[in-house]
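*Asks:* got a predicted model here, sequence first, then my questions.
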Amino acid sequence: MSRKRIAFIGAGWIGRQRMETMLAGGRVEACAICEPDPAAAQAARALAPEAAMVATLDDALALAPDGVAIATPSALHAAQSLAALEAGAAVFCQKPLGRSAAEVCKILAAARGADLLLGVDMSYRFTEAMRAVRREVCAGAIGHVYAVELIFHNAYGPDKPWFYDPLLSGGGCLIDLGIHLVDLALWTLGWPRVTEVASRLFANGEPWRPGIVEDHALATLALEDGAAIRLACSWHLSAGQDAVIAADFHGTKGSARLRNLGGSFYDFVAERCEGTHCARLVSPPDPWSGRAGAVWADLLAEGAGFAQSPHGLVEASEALDRIYAAAAPIAHEAPAPRLMAGTL
């Protein structure tokens, strides 16, 4: 049985990491690589010397790939995903899938109509620590969850200039990091309806306004069952370490929480707490960072269609839309981007 053929659009650090993980399973192969940066393109070709080096997404689609893996600047994701789906290729896309819920809905409609597998790299769902926290919540081990607190501070901030250009990024730390927090909270709680949103966004210590990218976001989401989610995320915060990442779920019988260790972006523990006592549920190591892509590649190899795509993509995007809207009176909009590869 022949392996499924994937075109890789964008082969920066994350794109190559996901590419390497997908190919390692041996169930898919690279048929094309599209990457404008010569050094990144050369590094990607070393992973798949048999792949064609192409200049554009259209060139890659002309090779009729079974799937397309997209790791380009965020504002390009929606248009590139739609182009791939319309060409008959399944899609695995870096987050965010779209800059708004409206864009996400268009992509889901296209994938559903063509019965094509759609994957999004909501990578923290695939950490063993977060899965353990979710199991505790879903099993009722901590009782009724009434409060959730989530944090993601990246003290370095992004190292690519396009992150700071709203025409290419679609937003700042909220759409970059906050989307993970919103996704984890709603995914863990079973996608409850958000009834109210309050938020404050900042850029260089000043109140944020549309047209610039925010570097600090604070938001509270009220849920239909009376529970509340509070989140904070930032770039370049004086955090005293590389990163602060945490997700706490507080229930009537105890709490379940995820924590990063020693400022790491990769090492996490999960704990269940009652009163002043905590029990460790999961400890490192856990090679999770490419797991979402590997799962998508396996599903593609098995012939999976739209039904095996992840849930909650619209709900998380709608919540982000409301956080941006609550922080400013002007709607969060951005013009359509050009179809180019870029680097992530």
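*Replies:* Everything's here; your move.

*Asks:* and residue 152, bridged to which residues?
*Replies:* When bridges are called by DSSP bridges, residue 152 pairs up with residue 233, residue 245.

*Asks:* buried ones in the helix or strand containing residue 132?
*Replies:* Using DSSP states H and E, residue 132 maps to helix 128-138. Buried residues in helix 128-138, counted by 16 or more other Cβ atoms under 10 Å: 128-134, 136-137. Placement of C-beta: from N, CA and C, glycine included.

*Asks:* now stretch 97-107
*Replies:* Using 16+ other Cβ under 10 Å as the test for burial, stretch 97-107 gives 97-101, 103-104, 106-107.

*Asks:* before we move on, back to that, which of the buried residues of helix 128-138 lies closest to residue 56?
*Replies:* residue 130 (36.6 Å; Cβ to Cβ).

*Asks:* shouldn't residue 220 be in contact with residue 199?
*Replies:* Yes: with contact defined as Cβ atoms under 8 Å, residue 220 reaches residue 199; the gap is 7.4 Å.

*Asks:* look at the two and report which has more neighbours.
*Replies:* Taking neighbours as other Cβ atoms under 10 Å, residue 220 and residue 199 compare with residue 199 leading, 22 against 15.

*Asks:* the more buried one: what's it in contact with?
*Replies:* 217-220, 323-324, 326-327 (Cβ atoms under 8 Å, 6 or more residues apart in numbering).

*Asks:* need these in JSON lines with secondary structure and distance to residue 151, can you?
*Replies:* Putting the contacts of residue 199 into JSON lines (DSSP: H, G, I helix; E, B strand; the rest coil; distance: Cβ to Cβ, whole Å) gives the following:
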{"residue": "217", "secondary structure": "strand", "distance to residue 151": "11"}
{"residue": "218", "secondary structure": "strand", "distance to residue 151": "10"}
{"residue": "219", "secondary structure": "strand", "distance to residue 151": "12"}
{"residue": "220", "secondary structure": "strand", "distance to residue 151": "13"}
{"residue": "323", "secondary structure": "helix", "distance to residue 151": "15"}
{"residue": "324", "secondary structure": "helix", "distance to residue 151": "19"}
{"residue": "326", "secondary structure": "helix", "distance to residue 151": "19"}
{"residue": "327", "secondary structure": "helix", "distance to residue 151": "18"}
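
*Asks:* of the residues you listed, select the buried ones using a ChimeraX command.
*Replies:* Buried residues among these (16+ other Cβ under 10 Å), as a ChimeraX selection:
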select :217,218,219,323,324,326,327
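
*Asks:* just flag the most distant two among the contacts of residue 199.
*Replies:* Farthest pair in the contacts of residue 199, by Cβ to Cβ: 220 and 324, 14.4 Å.
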